[in-house]
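Participant: pasting the structure only:
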């Protein structure tokens, strides 16, 4: 049965009515009208749907809306703005990273979480932290440059 | 019925500018882009179809080509700004919608700059000449005495801007048009474009892309974000056994899900629901009985034998130079090898999305497909509408490198919308992408060479046998070129084609043939093949350039030295020499099997021509002695595509192309069993992961400003797989003749 869920997204409270097993992704995209995150696989295999739940990168495509509870949800639009981009966003802009840009959300959000935990990761640590994300355009080299740039910012 | 999209553009040094683009009101889109008056009917021979100027002197370029995310747009902007003598910041582009741009074939064959850019360059040069002549008449001075600086025309103290001269009105200037549409369209005016010595922008780095900021901030509108009032979410049902068709549907199986409507027409079956999650649940729950069909596919291990044994539908003899029969009859030594390449999935970042709003007598369609004008043709034909009643708007979707699943999703949305009388959005689940998208064809290539007593190659035969790369053509320009059209019974018109290596080596006698075979299922197959980035190129040149190394070995020659012996074009020679020098190539014969710590290291070179572009690659690989993991650690690329427009964007285009092709060569293979494709997601169709990305990619751009710009989006796909295979041989002595280059295949060949 559809139920009401209170979600805290980017500092604002929202209520959605949904089947409890509906993944959070659809609440964010279809009920709250957000452009990010995005559906890539629905199987937690690509990362396009990544959001931060209390700062932890989480695949919203397999996270039931009923499982979010009071955790604070942060999306790509919630980490920075045109006037004040997050340092990871600034670095991705500086390095002109995306091609189609569909997967970008996962890379940025996972990098934000990585640099929060480990502000100066080695090349190997960056590769390790970002393994499991997919980019079909093959922008991996630009992404590596951007994450290193952000770590130095 | 409009949706508002905010597109932020960063103008250099002036902060953010918000431009409102109103969709689907197309003339409003034109207004937002800056034109006030409608143009002269969008004719291919009118200057106004390509260039217009706003009241405030901004320039709008219009193109029927599409930037798929590699920054082609910036290339166009630079070419226009250069000819018109304006700052690139004052130029914007409208691309890929059928109402506002001429049919120039969309993204196709790396022709965005090569053909599309040249059309804009010629048009911009004509626009400048026209404006200067207008100013000359106004000032009463000869045109030759006028100067132009950032859109201001001066004659001494007299000044007038482009905006004052023509802003808001369209050019009424005819161009010479070659009467072709699509890729072949060419236009030219009276004006001669600048000579390279006059360039201020072309060939220089630094113009930032316009789409990046919104993509990174999460504010960009993607194809998947298109929403219309009353829009329903559609899902397609696909059979468990390929080729099976629905024979019964139990709609009571989804009656617990609100608002579900099943659409079943002939062999097409899908459903719609007001909420996306409900459509997903319904597609999972709907009980469909499928016809019993014989398992359609051979065992995967037998696929190459199937290709070898299959009847040839068509033989192309692409090259026949000299007398190869005589060469082989006179040979002191004959070398022969066969190479095999699997089916690949586009596996775009997400299953494709399409939105269609089918009304009585008209259609409005949004597509992520890279050929919007073909999409219009296909929809018009499917629903018997005049083409001018079908509007197709390109939106950046989850990536596109050829004829991926976009064309199918868009047509599915149109059929569903027509059936239910509401706008419908279709985006499937992961398996709808990986399992059911069109595939790059599997192929077998046999290469044979005749060598004389002195070790000279006197004859070369190259034979391709493969599934066609155009089983249902390369676009969605007719219903039978889509899954929906095939399921609705449109008669198929396959084109039998794969191809042979480009002409490079001057062996005295050479013969290259290509045989294509019939598909395993004639319609709606998950293994139906079509164009995927450099269609046929990677597999053909994997074979031909691996074979060149085999010939080098057979003639006791270094692989670079061998190629240089038979290359005569100085541009070819230069890319090969440059890549080898950059890589620190040490001449050697055969495998060196150098062990460093736990890894064998090796270098391999390969080279290919594609159209007006040539590229050489040295791959440096590491092969772990126990796990046999293959890592391409470094690449050295020498790339000559003629004139370079935007070197920074070109480098990134090449880098990403190299990573994508590495993925195809080392990791990718569509798996199937007797019933269906079993590659359905990223676990069953793995691609390159971040841990596997190269450490460095060293790119040397050989700029030839005196030549026209060639294509750069695909040429590097060609030599790359063979460069890796040749490097693996150098490292291990194992010759990879079947892709992908997995540890298991390597181990099987290890001596």
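Facilitator: Structure's in. What do you need? Here the structure is a predicted model, which means the values were calculated and not measured.
Participant: Tally up the residues packed near residue 53, please.
Facilitator: No chain specified, so I'll use chain A. The tally of other residues near residue A:53 (other Cβ atoms under 10 Å in any protein chain shown) stands at 17. Using the backbone N, CA and C atoms, a C-beta is placed for each residue, glycine as well.
Participant: wrong one, I was asking about chain B
Facilitator: For residue B:53, the tally of surrounding residues (other Cβ under 10 Å) stands at 29.
Participant: Ok, the one 10 residues further on next?
Facilitator: Burial measure for residue B:63: 27 neighbouring residues, criterion other Cβ under 10 Å.
Participant: One more: residue B:425?
Facilitator: A count of nearby residues for residue B:425, using other Cβ under 10 Å, gives 26.
Participant: Does it lie in a helix or a strand, and which?
Facilitator: Applying DSSP states H and E as the criterion places residue B:425 in strand B:424-427.
Participant: Show me the contact partners of the next helix-or-strand element following that strand.
Facilitator: Counting by DSSP H and E, the element after strand B:424-427 in chain order, helix or strand, is helix B:430-434. Taking contacts as Cβ atoms under 8 Å, 6 or more residues apart in numbering or on different chains, the residues outside helix B:430-434 that touch it are A:40-43, A:45, B:236, B:238, B:345-348, B:350-352, B:405, B:409, B:677, B:679-682, B:684-685.
Participant: Which ones among the residues you listed map onto helices?
Facilitator: residue B:409 (DSSP state H).
Participant: thinking again about what came up before, buried sites along the strand holding residue B:425?
Facilitator: By 16 or more other Cβ atoms under 10 Å in any protein chain shown, the buried positions in strand B:424-427 come out as B:424-427.
Participant: got these as CSV, with distance to chain A and pLDDT columns?
Facilitator: Shown next, in CSV, are the buried residues of strand B:424-427 (distance: Cβ to the nearest Cβ, whole Å; pLDDT from 0 to 100):
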residue, distance to chain A, pLDDT
B:424, 15, 98
B:425, 10, 98
B:426, 13, 98
B:427, 7, 98
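Participant: Can you give the domain ranges for chain A?
Facilitator: What automatic domain parsing lists as the domains of chain A is A:3-78, A:80-152.
Participant: any low-confidence regions in the stretch 1-150 of chain B?
Facilitator: Where the stretch 1-150 of chain B drops to pLDDT under 70, the residues are B:1-41.
Participant: Sketch out the helices for it, chain order is fine.
Facilitator: Secondary structure of the stretch 1-150 of chain B (DSSP state H, counting those that start in this stretch): helices located at B:26-33, B:72-84, B:111, B:118-139.
Participant: what's the spacing between the shortest one and its chain's center?
Facilitator: In other words, helix B:111. In terms of Cα atoms, centre = their mean, to the nearest Å, the centre of helix B:111 is found 10 Å from the chain centre.
Participant: Pop the domain breakdown of chain B in here.
Facilitator: Domains of chain B are assigned by automatic domain parsing as B:28-221, B:228-293+B:347-434, B:300-334+B:438-517, B:537-749.
Participant: so who does residue B:352 touch?
Facilitator: If you count contacts by Cβ under 8 Å, 6+ apart, residue B:352 has them with B:368-369, B:397-398, B:404-406, B:408-410, B:427-428, B:433, B:437.
Participant: Distance check, it against residue A:102.
Facilitator: Distance, residue B:352 to residue A:102, using Cβ to Cβ, to the nearest Å: 11 Å.
Participant: What ranges does chain A have for its strands?
Facilitator: Secondary structure of chain A by DSSP state E: the strands cover A:3-9, A:12-18, A:50-53, A:56-59, A:72-74.
Participant: what do you get for the stretch 251-400 of chain B?
Facilitator: Under the criterion DSSP state E, counting those that start in this stretch, strands of the stretch 251-400 of chain B are mapped to B:261-265, B:268-273, B:287-290, B:314-321, B:333-341, B:344-345, B:353-359, B:362-367, B:390-394.
Participant: That's all I had, so thanks and see you.
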